[in-house]
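Engineer: This is a predicted model, with the sequence first.
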Amino acid sequence: MTTWTDPIDGRIGDRPLSLATPSGIDRAAHHRMDEAWLAAAWSHPTTRVFVVSGGRVLIDETSDGSTELVMTPSFEAPLTESHRYFLGTDDDGVSYFALQKDSLPGRMDQSARPAGLREAGLLLSPRDAGLMVHAVALENWQRLHRFCSRCGERTVIAAAGHVRRCPACGAEHYPRTDPAVIMLVTDDEDRALLGRQMHWPEGRFSTLAGFVEPGESIEQSVRREVLEEAGVVVGEVDYVASQPWPFPSSLMLGFMARALSSEITVDGEEISEARWFSRDELGAAFESGEVLPPYGISIAARLIELWYGKPLPKPTTAAI
Ligand SMILES: [Zn+2]
(Lines give C-alpha, C1' and ligand atoms only; values in the text may rest on other atoms or scores of the structure.)
Protein backbone atom coordinates (compact mmCIF):
# COMPACT_ATOMS: atom_id res chain seq x y z
CA MET A 1 0.00 0.00 0.00
CA THR A 2 1.34 3.41 -0.95
CA THR A 3 1.68 5.92 1.85
CA TRP A 4 0.84 9.37 0.60
CA THR A 5 0.03 11.00 3.88
CA ASP A 6 2.15 14.00 4.74
CA PRO A 7 -0.17 16.61 6.24
CA ILE A 8 2.35 17.76 8.87
CA ASP A 9 2.35 21.54 9.23
CA GLY A 10 -0.35 21.81 6.60
CA ARG A 11 1.98 20.66 3.84
CA ILE A 12 1.82 18.14 1.07
CA GLY A 13 5.30 17.19 -0.02
CA ASP A 14 7.43 20.31 0.19
CA ARG A 15 4.63 22.81 -0.50
CA PRO A 16 2.14 24.29 1.95
CA LEU A 17 -1.60 24.03 1.60
CA SER A 18 -2.32 27.71 1.90
CA LEU A 19 -5.54 27.41 3.89
CA ALA A 20 -4.36 24.51 6.05
CA THR A 21 -1.04 25.90 7.25
CA PRO A 22 -0.97 26.44 11.03
CA SER A 23 -1.74 30.09 11.71
CA GLY A 24 -0.16 30.36 15.16
CA ILE A 25 -3.51 31.56 16.51
CA ASP A 26 -5.05 29.91 19.55
CA ARG A 27 -8.81 30.07 18.97
CA ALA A 28 -9.26 30.21 22.77
CA ALA A 29 -12.84 28.94 22.57
CA HIS A 30 -13.17 29.01 26.36
CA HIS A 31 -13.33 32.84 26.20
CA ARG A 32 -16.25 32.99 23.76
CA MET A 33 -18.97 32.94 26.43
CA ASP A 34 -17.09 35.20 28.86
CA GLU A 35 -18.52 38.68 28.17
CA ALA A 36 -16.28 40.39 30.73
CA TRP A 37 -13.15 38.86 29.23
CA LEU A 38 -14.30 39.71 25.69
CA ALA A 39 -15.01 43.32 26.67
CA ALA A 40 -11.56 43.68 28.25
CA ALA A 41 -9.89 42.04 25.24
CA TRP A 42 -11.80 44.27 22.83
CA SER A 43 -10.67 47.47 24.55
CA HIS A 44 -7.05 46.39 25.04
CA PRO A 45 -4.65 48.62 23.08
CA THR A 46 -2.81 45.72 21.41
CA THR A 47 -6.00 44.11 20.07
CA ARG A 48 -6.26 43.94 16.29
CA VAL A 49 -9.48 44.10 14.29
CA PHE A 50 -10.34 43.65 10.62
CA VAL A 51 -13.58 43.96 8.70
CA VAL A 52 -15.05 41.10 6.68
CA SER A 53 -17.86 41.77 4.25
CA GLY A 54 -19.26 39.43 1.63
CA GLY A 55 -16.24 37.14 1.91
CA ARG A 56 -13.83 39.99 1.30
CA VAL A 57 -11.32 41.85 3.44
CA LEU A 58 -8.87 44.68 2.88
CA ILE A 59 -5.31 43.66 2.12
CA ASP A 60 -2.25 45.84 1.68
CA GLU A 61 1.35 45.48 0.62
CA THR A 62 4.04 46.12 3.18
CA SER A 63 7.34 47.87 2.57
CA ASP A 64 9.11 44.50 2.26
CA GLY A 65 6.79 43.42 -0.56
CA SER A 66 4.67 40.97 1.41
CA THR A 67 0.90 41.26 1.70
CA GLU A 68 -1.00 41.62 4.94
CA LEU A 69 -4.52 41.85 6.24
CA VAL A 70 -5.41 45.47 7.07
CA MET A 71 -5.99 45.48 10.83
CA THR A 72 -6.61 48.37 13.19
CA PRO A 73 -6.86 48.87 16.95
CA SER A 74 -10.40 48.38 18.19
CA PHE A 75 -10.93 52.11 18.89
CA GLU A 76 -10.64 52.70 15.14
CA ALA A 77 -13.17 49.96 14.40
CA PRO A 78 -16.67 51.14 15.36
CA LEU A 79 -19.00 48.37 16.44
CA THR A 80 -22.12 50.04 15.09
CA GLU A 81 -24.10 48.02 12.58
CA SER A 82 -21.67 45.15 12.73
CA HIS A 83 -21.28 41.72 14.26
CA ARG A 84 -18.17 40.95 16.26
CA TYR A 85 -16.37 37.63 15.94
CA PHE A 86 -13.62 36.69 18.39
CA LEU A 87 -11.01 34.70 16.45
CA GLY A 88 -8.38 34.00 19.09
CA THR A 89 -5.08 35.12 20.55
CA ASP A 90 -1.44 34.75 19.55
CA ASP A 91 1.67 33.82 21.55
CA ASP A 92 2.18 37.46 22.53
CA GLY A 93 -1.30 37.69 24.03
CA VAL A 94 -2.69 39.82 21.20
CA SER A 95 -6.42 39.26 20.63
CA TYR A 96 -7.92 39.23 17.14
CA PHE A 97 -11.47 40.12 16.20
CA ALA A 98 -13.31 40.37 12.90
CA LEU A 99 -16.19 42.76 12.39
CA GLN A 100 -18.80 41.62 9.91
CA LYS A 101 -20.24 44.64 8.11
CA ASP A 102 -22.41 45.34 5.08
CA SER A 103 -19.46 46.89 3.30
CA LEU A 104 -15.72 47.27 3.64
CA PRO A 105 -14.42 50.56 5.02
CA GLY A 106 -13.27 53.06 2.43
CA ARG A 107 -9.48 53.11 2.20
CA MET A 108 -9.18 54.63 -1.22
CA ASP A 109 -6.60 57.16 -0.08
CA GLN A 110 -4.17 54.31 0.58
CA SER A 111 -2.93 51.28 -1.27
CA ALA A 112 -5.25 48.86 0.55
CA ARG A 113 -7.66 46.97 -1.66
CA PRO A 114 -10.47 44.48 -1.20
CA ALA A 115 -9.76 40.81 -1.85
CA GLY A 116 -11.56 37.49 -1.55
CA LEU A 117 -10.07 34.32 -0.15
CA ARG A 118 -9.10 32.80 -3.50
CA GLU A 119 -6.73 35.72 -4.07
CA ALA A 120 -5.77 36.65 -0.52
CA GLY A 121 -5.21 33.01 0.46
CA LEU A 122 -2.23 32.90 -1.90
CA LEU A 123 -0.73 36.19 -0.72
CA LEU A 124 -1.24 36.41 3.04
CA SER A 125 0.95 34.96 5.78
CA PRO A 126 -0.32 31.79 7.46
CA ARG A 127 -1.49 33.90 10.42
CA ASP A 128 -3.48 36.34 8.31
CA ALA A 129 -4.84 33.65 5.98
CA GLY A 130 -5.93 31.63 9.04
CA LEU A 131 -7.70 34.63 10.56
CA MET A 132 -9.39 35.42 7.27
CA VAL A 133 -10.60 31.88 6.57
CA HIS A 134 -12.05 31.68 10.09
CA ALA A 135 -13.89 34.99 9.67
CA VAL A 136 -15.17 34.20 6.18
CA ALA A 137 -16.45 30.80 7.29
CA LEU A 138 -18.30 32.38 10.22
CA GLU A 139 -19.75 35.10 8.01
CA ASN A 140 -21.00 32.57 5.45
CA TRP A 141 -22.63 30.50 8.15
CA GLN A 142 -24.22 33.52 9.86
CA ARG A 143 -25.59 34.78 6.55
CA LEU A 144 -27.30 31.50 5.72
CA HIS A 145 -28.58 30.58 9.20
CA ARG A 146 -30.50 33.58 10.45
CA PHE A 147 -33.59 31.56 11.32
CA CYS A 148 -34.05 28.66 13.72
CA SER A 149 -34.14 25.35 11.86
CA ARG A 150 -36.28 23.92 14.68
CA CYS A 151 -39.06 26.53 14.99
CA GLY A 152 -38.45 29.15 12.30
CA GLU A 153 -37.91 32.11 14.66
CA ARG A 154 -35.16 34.63 13.93
CA THR A 155 -31.99 33.66 15.84
CA VAL A 156 -29.46 35.92 17.56
CA ILE A 157 -25.67 35.75 17.59
CA ALA A 158 -23.96 34.41 20.71
CA ALA A 159 -20.54 33.12 21.80
CA ALA A 160 -18.64 35.88 19.99
CA GLY A 161 -19.98 34.76 16.62
CA HIS A 162 -19.72 31.00 17.07
CA VAL A 163 -23.31 30.19 18.09
CA ARG A 164 -26.76 31.36 17.00
CA ARG A 165 -29.38 31.08 19.71
CA CYS A 166 -33.13 30.93 19.25
CA PRO A 167 -35.00 33.19 21.73
CA ALA A 168 -38.27 31.32 21.11
CA CYS A 169 -37.39 27.66 21.63
CA GLY A 170 -33.94 27.95 23.22
CA ALA A 171 -32.15 25.94 20.51
CA GLU A 172 -28.45 26.61 20.00
CA HIS A 173 -27.14 26.35 16.48
CA TYR A 174 -23.45 25.84 15.75
CA PRO A 175 -21.47 26.61 12.59
CA ARG A 176 -21.71 23.73 10.17
CA THR A 177 -19.04 22.29 7.96
CA ASP A 178 -19.97 20.18 4.96
CA PRO A 179 -17.43 17.45 4.15
CA ALA A 180 -16.41 17.16 0.53
CA VAL A 181 -13.98 14.68 -1.01
CA ILE A 182 -11.40 15.50 -3.64
CA MET A 183 -9.30 12.72 -5.11
CA LEU A 184 -6.56 11.96 -7.56
CA VAL A 185 -7.32 8.57 -9.09
CA THR A 186 -4.45 6.55 -10.56
CA ASP A 187 -4.53 3.27 -12.49
CA ASP A 188 -2.27 0.22 -12.80
CA GLU A 189 -0.04 2.09 -15.26
CA ASP A 190 0.27 4.95 -12.76
CA ARG A 191 -1.69 7.30 -14.98
CA ALA A 192 -3.83 10.00 -13.36
CA LEU A 193 -7.51 10.57 -14.04
CA LEU A 194 -8.37 14.23 -14.51
CA GLY A 195 -11.70 15.70 -15.49
CA ARG A 196 -13.14 18.93 -16.79
CA GLN A 197 -16.25 20.32 -15.17
CA MET A 198 -19.02 21.49 -17.47
CA HIS A 199 -18.57 25.17 -16.59
CA TRP A 200 -14.77 25.20 -16.82
CA PRO A 201 -13.00 26.63 -19.86
CA GLU A 202 -11.70 24.31 -22.55
CA GLY A 203 -8.44 22.65 -21.49
CA ARG A 204 -8.82 23.08 -17.74
CA PHE A 205 -8.53 19.71 -16.06
CA SER A 206 -8.35 18.82 -12.38
CA THR A 207 -9.06 16.13 -9.85
CA LEU A 208 -12.60 14.85 -9.36
CA ALA A 209 -14.50 16.03 -6.30
CA GLY A 210 -17.92 15.92 -4.67
CA PHE A 211 -19.92 16.18 -1.48
CA VAL A 212 -20.24 13.43 1.09
CA GLU A 213 -23.85 12.29 1.27
CA PRO A 214 -25.83 11.49 4.44
CA GLY A 215 -25.20 8.01 5.76
CA GLU A 216 -21.99 7.58 3.80
CA SER A 217 -18.37 7.14 4.84
CA ILE A 218 -15.80 9.36 3.15
CA GLU A 219 -14.23 6.30 1.48
CA GLN A 220 -17.63 5.32 0.08
CA SER A 221 -18.07 8.89 -1.07
CA VAL A 222 -14.78 8.82 -3.00
CA ARG A 223 -15.77 5.60 -4.78
CA ARG A 224 -19.32 6.80 -5.54
CA GLU A 225 -18.23 10.17 -6.90
CA VAL A 226 -15.60 8.68 -9.23
CA LEU A 227 -18.06 6.08 -10.48
CA GLU A 228 -20.80 8.68 -11.01
CA GLU A 229 -18.63 11.30 -12.67
CA ALA A 230 -16.25 9.15 -14.73
CA GLY A 231 -17.60 5.59 -14.66
CA VAL A 232 -14.35 4.32 -13.12
CA VAL A 233 -14.40 1.75 -10.32
CA VAL A 234 -12.14 2.65 -7.37
CA GLY A 235 -10.61 0.23 -4.86
CA GLU A 236 -7.99 1.43 -2.42
CA VAL A 237 -8.51 4.92 -0.99
CA ASP A 238 -5.76 6.72 0.95
CA TYR A 239 -6.33 9.90 2.92
CA VAL A 240 -3.71 12.60 2.28
CA ALA A 241 -4.70 15.93 3.83
CA SER A 242 -7.58 18.34 4.32
CA GLN A 243 -8.21 22.04 3.95
CA PRO A 244 -10.99 24.41 4.95
CA TRP A 245 -13.01 25.48 1.93
CA PRO A 246 -15.56 28.08 3.03
CA PHE A 247 -17.31 28.45 -0.34
CA PRO A 248 -19.60 28.57 1.50
CA SER A 249 -18.98 25.96 4.21
CA SER A 250 -16.99 22.94 3.07
CA LEU A 251 -14.08 20.99 4.42
CA MET A 252 -12.09 19.47 1.55
CA LEU A 253 -10.77 15.99 2.34
CA GLY A 254 -8.01 15.03 -0.07
CA PHE A 255 -7.34 11.44 -1.19
CA MET A 256 -5.26 9.36 -3.52
CA ALA A 257 -7.39 6.56 -4.95
CA ARG A 258 -6.56 3.49 -7.01
CA ALA A 259 -8.71 2.57 -9.99
CA LEU A 260 -9.85 -1.02 -10.58
CA SER A 261 -11.12 -0.24 -14.08
CA SER A 262 -9.94 2.15 -16.77
CA GLU A 263 -12.84 2.70 -19.15
CA ILE A 264 -14.19 6.22 -18.81
CA THR A 265 -17.86 7.17 -19.11
CA VAL A 266 -18.45 10.77 -18.04
CA ASP A 267 -21.77 11.72 -16.53
CA GLY A 268 -22.21 14.69 -18.89
CA GLU A 269 -23.78 16.67 -16.05
CA GLU A 270 -20.96 17.66 -13.73
CA ILE A 271 -18.07 16.40 -15.84
CA SER A 272 -17.96 16.98 -19.57
CA GLU A 273 -14.64 15.28 -20.26
CA ALA A 274 -12.20 13.02 -18.40
CA ARG A 275 -8.87 11.56 -19.46
CA TRP A 276 -6.07 9.37 -18.20
CA PHE A 277 -2.71 11.13 -18.28
CA SER A 278 0.76 9.64 -17.90
CA ARG A 279 3.30 12.04 -16.37
CA ASP A 280 4.92 12.56 -19.78
CA GLU A 281 1.55 13.20 -21.43
CA LEU A 282 0.50 15.66 -18.77
CA GLY A 283 3.86 17.46 -18.89
CA ALA A 284 3.64 17.74 -22.69
CA ALA A 285 0.03 18.91 -22.48
CA PHE A 286 1.01 21.62 -20.00
CA GLU A 287 3.90 22.66 -22.20
CA SER A 288 1.81 22.92 -25.35
CA GLY A 289 -0.99 24.72 -23.53
CA GLU A 290 -3.43 21.93 -24.41
CA VAL A 291 -4.09 21.47 -20.70
CA LEU A 292 -4.21 24.30 -18.16
CA PRO A 293 -2.90 23.19 -14.77
CA PRO A 294 -5.08 23.82 -11.75
CA TYR A 295 -3.71 26.67 -9.75
CA GLY A 296 -4.59 28.56 -6.65
CA ILE A 297 -5.46 27.75 -3.08
CA SER A 298 -7.18 24.44 -3.84
CA ILE A 299 -5.72 21.17 -2.61
CA ALA A 300 -6.26 19.83 -6.16
CA ALA A 301 -2.98 21.21 -7.45
CA ARG A 302 -1.10 19.76 -4.47
CA LEU A 303 -2.62 16.29 -5.02
CA ILE A 304 -1.60 16.34 -8.68
CA GLU A 305 1.89 17.53 -7.76
CA LEU A 306 2.23 14.73 -5.25
CA TRP A 307 1.74 12.23 -8.06
CA TYR A 308 3.52 14.30 -10.76
CA GLY A 309 6.63 14.53 -8.58
CA LYS A 310 7.42 18.20 -9.10
CA PRO A 311 5.68 21.57 -9.08
CA LEU A 312 3.15 22.12 -11.82
CA PRO A 313 3.96 24.89 -14.31
CA LYS A 314 2.33 28.22 -13.63
CA PRO A 315 -0.60 28.86 -15.97
CA THR A 316 -0.65 31.96 -18.08
CA THR A 317 -4.06 32.94 -16.71
CA ALA A 318 -4.51 32.52 -12.98
CA ALA A 319 -7.61 30.54 -12.11
CA ILE A 320 -8.70 27.86 -9.71
ZN1 LIG B 1 -36.27 27.97 17.66
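Structural biologist: Perfect, I can see it now. Numbering: from 1, shown residues only.

Engineer: Show me how far the strand ranked longest in the chain is from its chain's centre.
Structural biologist: Determined from DSSP state E, the single longest strand within the chain is strand 234-245. Chain-centre distance of strand 234-245: 15 Å, with C-alpha atoms, centre = their mean, to the nearest Å.

Engineer: now swap in stretch 169-176 and tell me
Structural biologist: A distance of 23 Å separates the centroid of the chain from that of stretch 169-176, by C-alpha atoms, centre = their mean.

Engineer: Please enumerate residues in contact with it?
Structural biologist: With C-beta atoms under 8 Å, 6 or more residues apart in numbering as the test, stretch 169-176 has contacts from 137-138, 141, 145, 148-151, 153, 155, 158, 162-166, 249. Yep, even glycine has a C-beta here, placed from its N, CA and C like the rest.

Engineer: One more: stretch 51-66?
Structural biologist: 50, 67-70, 77, 82, 85, 98-105, 107, 110-117, 120, 123-125, 132, 135-136, 139-140, 246.

Engineer: next helix or strand past the longest helix anywhere in the chain?
Structural biologist: Identified as the longest helix of the chain according to DSSP state H is helix 126-144. Counting by DSSP states H and E, the next helix or strand C-terminal to helix 126-144 is strand 156-158.

Engineer: Buried residues in the helix or strand that that following strand is followed by, which are they?
Structural biologist: Proceeding N to C from strand 156-158, the next assigned helix or strand is strand 163-165, under DSSP H and E. The neighbour-count check on strand 163-165 (16 or more other C-beta atoms under 10 Å) flags 163-164 as buried.

Engineer: Can you name the residue of the stretch 1-150 of the chain nearest to the ion?
Structural biologist: Across the stretch 1-150 of the chain, the shortest distance to the ion (C-beta to the ion) belongs to residue 148, at 3.1 Å.

Engineer: what about the closest residue to that residue other than its chain neighbours, neighbour count?
Structural biologist: Leaving aside its chain neighbours, residue 148 sits nearest to residue 166 (3.9 Å; criterion: C-beta to C-beta, 6 or more residues apart in numbering). Using other C-beta atoms under 10 Å, residue 166 has 19 other residues around it.

Engineer: and the gap between residue 166 and residue 237?
Structural biologist: Plainly put, residue 166 is 39 Å away from residue 237 if you go by C-beta to C-beta, to the nearest Å.

Engineer: Strands of the stretch 151-300 of the chain, residue ranges please.
Structural biologist: Secondary structure of the stretch 151-300 of the chain, counting by DSSP state E, counting those that start in this stretch: strands at 156-158, 163-165, 172-173, 178-186, 192-197, 208-211, 234-245, 250-259, 271-277.

Engineer: these two touch, right, residue 20 and residue 245?
Structural biologist: No. Here residue 20 lies out of contact with residue 245, judged by C-beta atoms under 8 Å, at a distance of 9.9 Å.

Engineer: Just the pLDDT for residue 5.
Structural biologist: The per-residue pLDDT reported for residue 5 equals 50.

Engineer: Would you mind naming what in the stretch 51-200 of the chain lies close to the ion?
Structural biologist: For the stretch 51-200 of the chain, the contact set with the ion under C-beta under 5 Å from the ion comprises 148, 150-151, 153, 166, 168-169, 171.

Engineer: on that earlier part again, how big is the angle separating the longest helix of the chain from strand 250-259?
Structural biologist: Per axes from the mean of the first three to the mean of the last three C-alpha atoms, to 10 degrees, the angle that helix 126-144 makes with strand 250-259 is 110 degrees.

Engineer: Against which helices or strands is helix 126-144 packed?
Structural biologist: strand 48-52, strand 67-69, strand 83-89, strand 95-100, helix 117-123 (3 or more C-beta pairs under 8 Å, 6 or more residues apart in numbering; DSSP states H and E).

Engineer: Would you tell me which of those gets closest to residue 302?
Structural biologist: Taking C-beta to C-beta as the criterion, helix 117-123 is the member of those that comes nearest to residue 302, at 12.8 Å.
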